[in-house]
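Here is a sequence with its predicted model. Questions after.
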Amino acid sequence: MEGKACDNMSNIFGAKPCKTNSYHSIIGCPSNINTSSYILPVLIAHRFTCNSSSTSKSTSTTQPQHHTSMTSSAAVHDLTNAISPYLDLHMMFPLLEYVDSLITTKAIPYSAQDVAKARLSLLRPTHMVDYAMDIYRELHGTDCEIPAEMELQKKEVLQKLEDHKADNGCKAFEDLCNNHERRAKLVKAQEWSIAALSTKKDLGITPQVIETYRQLSKFNFDCGDYQAAKLMLTNIISLHALPPTTKDNDNEDDIVEDDRRDHKSSDEKNKTGNPNVYFVTSTSINPDLLQVLWGKLSCEILLENWEEASTALTAVKLSIEQLVFTNQMSPLEALKQRTWLLHWSLFVFWNNSTKGLESMVELFFSEKYLQAITTNAPHLLRYLTAAVLLCKRRVAKSTSRDGKSSGGEARKLMKDLVRLMNNCEYSDPIVEFVDCLCVKFDFEGAQTKLAECENVLKTDFFLCNRTALFMEEARVFVFENYCRIHDKVDLSVLATKLAMDQEAAEHWIVDLIRNALLDAKIDSEQGCVVMGADHQSVYEQVIERTRDLNLRSAALAQNLKNFVSNGKKEKAKKIRASMEEE
């Protein structure tokens with residue numbers, strides 16, 4: 001047993017963290033580094049701060065003034081410190097690794113020593129002692145003597161791991177989970193639950209065993225073994241789940257029985273759990289299970305399983321709402337949980353290629369999460385603004401009737417975004433770019449802000465991979481807004497606005513028209529672009545005006561009901577009062 005543990009020490013203690021392809025494309029961060037405990041997201045005790053004043057002085061003497069102003073701007077608009085309180089403890093490591101890469105390229109005026117100290121401070125509560133030793137050597141030199149407390153912590157971690165693995169109950173439950181045939185029989189008999197397994201004395205599985213098993217999964221997680229922690233958490237979640245029964249097509253009696261079952265009452269049908277929460281039943285969702293779901297989400301994020309992380313994100317979101325609905329969570333706590341979820345979702349949405357940004361816009365614009373943004377996290381407006389600009393054309397095209405971009409849905413997105421910008425006390429070049437175009441119609445100011453946007457995008461952990469695409473979409477957005485207030489646009493003027501020569505601008509506009517992204521035509525003789533009429537169809541106008549009709553009607557009906565009810569109560573009070581006087 002001891003030899004096996006020693007062989008796995010690289011995985012246990014996070015030594016020599018490997019760089020996976022997905023994160024490497026963003027930052028080259030070690031995916032082997034532990035994120036937070038899954039008990040609940042915790043506030044970072046050590047917020048990353050930097051001493052930019054000293055570094056900026058040294059930079060100013062060696063770098064051109066333009067480069068110095070760019071790096072200073074990057075430091076001003078860096079959101080690492082604003083995001084860190086809402087991230088799980090070890091999710092900070094990818095961000096700090098990315099800051100390190102920016103320091104190497106002198107894109108941001110931070111001190112590498114400060115970043116290493118912050119990383120070492122974050123590692124202290126974890127069990128990744130080997131990784132902490134590597135950081136310690138970075139700070140004090142490769143030949144320095146490792147502190148005795150680190151060596152002691154390493155021995156204690158290994159001993160605790162041995163103690164957890166030696167637990168007979170955990171072994172029994174792990175063996176039962178791996179015995180797929182017996183597990184399937186228990187699931188089919190609806191005996192795969194903590195209560196049912198506790199009644200089977202031969203198994204030796206009790207609620208205390210499951211709690212010890214949960215602690216072991218947390219310990220593995222703290223050691224950086226996310227895959228093992230994920231599998232263990234999945235087993236725990238399955239104990240609260242009620243999946244649909246599988247049909248055996250080879251047995252005719254089963255088919256007849258299934259047909260009868262299909263015609264049973266709705267109460268029978270409701271026995272199946274929610275498929276969006278791993279088939280967990282609504283009655284099983286409680287604060288303890290929510291903690292496990294948070295852990296599942298953090299494991300998927302750190303393992304970079306973005307599709308599974310999207311599923312886990314939905315499960316956490318629905319579980320929070322269920323706890324609020326059943327009065328197991330206060331509104332204030334729910335607001336706090338939603339704020340955490342918004343920050344964690346950035347990892348998922350900006351890495352999920354299948355409609356990740358569309359899902360992000362939908363979540364961020366929902367009423368309850370808008371409240372979390374305006375109250376706790378106005379800095380998230382940067383990511384929502386970028387997501388809207390990147391996906392608005394796809395949204396417009398997907399909602400059109402004839403395959404051409406009608407723009408109605410895109411315009412609604414921009415209106416909602418501008419309304420949110422007015423309610424948030426936050427600003428950066430990306431937000432100001434939209435403000436210049438949609439509110440002030442200041443095209444010169446927009447061009448200036450767009451140049452600043454590029455530097456902000458390149459130094460942002462979540463947005464850096466979308467810099468080129470954002471700049472292209474922003475250019476289209478400038479063009480759309482400029483053309484919206486003109487019937488004809490001179491090609492030479494337009495080329496100047498787009499920072500292109502006239503021929504390149506003409507080719508670019510032709511591509512837009514060819515791809516059905518622009519309703520316009522080019523008049524070569526006059527050298528101008530003639531814009532088409534951009535009017536909403538009758539169908540779009542009806543849909544726009546009746547979009548919230550059901551909600552408004554329901555609200556009116558409820559208000560009328562309350563008014564009538566209050567009137568009856570007042571009338572009854574007056575009658576009783578008059579009778580008492582008589």
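Cool, got the structure.

Against Tyr136, how distant is Asp143?
Going from Asp143 to Tyr136 by Cβ to Cβ, to the nearest Å gives 12 Å. Backbone N, C-alpha and C define where each C-beta goes, glycine included.

between those two, which one's more packed in?
Comparing Asp143 with Tyr136 by neighbour count (other Cβ atoms under 10 Å), the higher total belongs to Tyr136, at 18 against 6.

Please identify the helix or strand for the more buried one.
Tyr136 is part of helix 129-140, with elements assigned from DSSP states H and E.

do Leu122 as well
Using DSSP H and E, Leu122 falls within helix 112-123.

Quick check: buried residues in stretch 446-456?
Using 16 or more other Cβ atoms under 10 Å as the test for burial, stretch 446-456 gives Ala446, Gln447, Lys449, Leu450, Glu452, Cys453, Glu454, Asn455, Val456.

which sections of the stretch 1-150 of the chain are below the confidence cut-off?
1-73 (pLDDT under 70).

For the buried residues of stretch 446-456, point out the one with the lowest pLDDT.
The member of the buried residues of stretch 446-456 with the lowest pLDDT is Gln447, at 85.

Verify the stated contact: that residue with Phe477.
No. In this structure Gln447 lies outside contact range of Phe477 using Cβ atoms under 8 Å: 11.9 Å.

Give me the helices and strands touching the helix or strand hosting Glu156, please.
Secondary structure assigned from DSSP H and E places Glu156 in helix 148-165. Packing partners of helix 148-165 (3 or more Cβ pairs under 8 Å, 6 or more residues apart in numbering; DSSP states H and E): helix 2-7, helix 9-12, helix 129-140, helix 207-222.

Need those in a markdown table (columns: distance to Val361).
Shown next, in a markdown table, are the helices and strands packed on helix 148-165 (distance: least, Cβ to Cβ, whole Å):
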| stretch | distance to Val361 |
| --- | --- |
| helix 2-7 | 47 |
| helix 9-12 | 38 |
| helix 129-140 | 36 |
| helix 207-222 | 31 |
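
Just the buried positions in the helix holding Glu156, please.
Gln153, Lys154, Val157, Leu158, Lys160, Leu161, His164, Lys165.

Give me the angle between whatever helix or strand comes next after that helix and helix 148-165.
As assigned by DSSP H and E, the chain's next helix or strand after helix 148-165 is helix 168-178. Relative orientation of helix 168-178 with respect to helix 148-165: 60 degrees, computed using axes from the mean of the first three to the mean of the last three Cα atoms, to 10 degrees.

Give me the angle between helix 168-178 and helix 207-222.
80 degrees.

between the buried residues of helix 148-165, which is nearest Ser111?
Gln153 (26.9 Å; Cβ to Cβ).

which ones are touching the closest one?
By Cβ atoms under 8 Å, 6 or more residues apart in numbering, Gln153 lies in contact with His127, Val129.

Check it and give its pLDDT.
In this model, Gln153 is scored at 85, pLDDT.

Ok, Leu498 next?
On pLDDT, Leu498 comes in at 68.

and what of Arg547?
69.

count of residues packed around Ala118?
Neighbour tally, Ala118, other Cβ under 10 Å: 22.

How about the secondary structure of Lys106?
Put simply, Lys106 is coil when judged by DSSP: H, G, I helix; E, B strand; the rest coil.

That one: how many residues sit nearby?
Neighbours of Lys106 using other Cβ under 10 Å come to 15.

low pLDDT regions in the stretch 251-400 of the chain?
Checking the stretch 251-400 of the chain against pLDDT under 70 turns up 251-270, 354, 396-400.

Redo the buried residues of stretch 446-456 as TSV? Include distance to Glu581 and secondary structure.
Below are these laid out as TSV (distance: Cβ to Cβ, whole Å; DSSP: H, G, I helix; E, B strand; the rest coil):
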residue	distance to Glu581	secondary structure
Ala446	73	helix
Gln447	78	helix
Lys449	73	helix
Leu450	76	helix
Glu452	76	helix
Cys453	74	helix
Glu454	79	helix
Asn455	79	helix
Val456	74	helix
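
from those, which is closest to Asn81?
Taking these together and measuring to Asn81 by Cβ to Cβ, the closest member is Val456, at 15.3 Å.

pretty sure the closest one contacts Ser427?
No. Val456 is beyond contact range of Ser427, at 11.7 Å (criterion: Cβ under 8 Å).

hmm, back to that, export the buried residues of stretch 446-456 to a markdown table and tack on distance to Thr374?
Conversion of the buried residues of stretch 446-456 to a markdown table gives the following (distance: Cβ to Cβ, whole Å):
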| residue | distance to Thr374 |
| --- | --- |
| Ala446 | 25 |
| Gln447 | 29 |
| Lys449 | 23 |
| Leu450 | 26 |
| Glu452 | 24 |
| Cys453 | 23 |
| Glu454 | 28 |
| Asn455 | 27 |
| Val456 | 22 |
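
Which one of the residues you listed is nearest to Leu335?
Nearest to Leu335 among these, counting by Cβ to Cβ, is Val456 at 28.1 Å.

List the residues that contact that closest one.
Here Val456 is in contact with Ser73, Ala74, His77, Asp428, Pro429, Ile430, Leu463 (Cβ under 8 Å, 6+ apart).

Neighbour-wise, give me the winner out of those.
Ile430 (26 neighbours).

did I read that right, it in a helix?
Yes. Counting by three-state DSSP, Ile430 is located in a helix.

hang on, isn't it packed against Ala386?
Yes. At 5.9 Å, Ile430 counts as touching Ala386 under the criterion of Cβ under 8 Å.

any common contacting residues for those two?
Taking Cβ under 8 Å, 6+ apart as the criterion, Ile430 and Ala386 both touch Leu457.

for the stretch 451-582 of the chain, what spans make up the helices?
Assigned by DSSP state H, counting those that start in this stretch, the stretch 451-582 of the chain shows helices spanning 467-484, 491-497, 502-514, 538-545, 549-581.

follow-up on the earlier one: and the angle from the helix holding Tyr136 to helix 112-123?
Interaxial angle, helix 129-140 versus helix 112-123 (the same axes, to 10 degrees): 160 degrees.

Output the contacting helices and strands for helix 129-140.
By 3+ Cβ pairs under 8 Å, 6+ apart, helix 129-140 packs against helix 112-123, helix 148-165.

With respect to Ala372, which of those helices lies nearest?
Closest among the helices and strands packed on helix 129-140, using Cβ to Cβ: helix 112-123, at 24.9 Å.

Show me what the closest one packs onto, helices and strands only.
Helix 112-123 makes packing contacts with helix 92-104, helix 129-140 when contacts are defined by 3+ Cβ pairs under 8 Å, 6+ apart.

Could you measure from the most centrally placed residue in the chain over to Glu307?
Closest residue to the average C-alpha location of the chain: Ser345 at 0.6 Å, with Cα atoms, centre = their mean. According to Cβ to Cβ, Ser345 stands 14 Å off from Glu307.

what does Ala132 give?
Note on Ala132: its distance to Glu307, by Cβ to Cβ, is 32 Å.

which of those two has more neighbours?
Applying other Cβ under 10 Å to Ala132 and Glu307 shows that Ala132 carries more neighbours, namely 25 against 12.

need the contact list for that one.
Contacts for Ala132 were tallied using Cβ under 8 Å, 6+ apart; they are Leu120, Leu123, Arg124, Thr126, Met150.

Would you format those residues as JSON lines with distance to Ile236 included?
Shown next, in JSON lines, are the contacts of Ala132 (distance: Cβ to Cβ, whole Å):
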{"residue": "Leu120", "distance to Ile236": "32"}
{"residue": "Leu123", "distance to Ile236": "27"}
{"residue": "Arg124", "distance to Ile236": "28"}
{"residue": "Thr126", "distance to Ile236": "22"}
{"residue": "Met150", "distance to Ile236": "32"}
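
Can you flag the buried ones in the residues you listed?
The neighbour count (16+ other Cβ under 10 Å) marks Leu120, Leu123, Thr126 as buried among the contacts of Ala132.

from the residues you listed, which single one is nearest Thr206?
Ranked by distance to Thr206 (Cβ to Cβ), the buried ones among the contacts of Ala132 are led by Thr126 at 29.8 Å.
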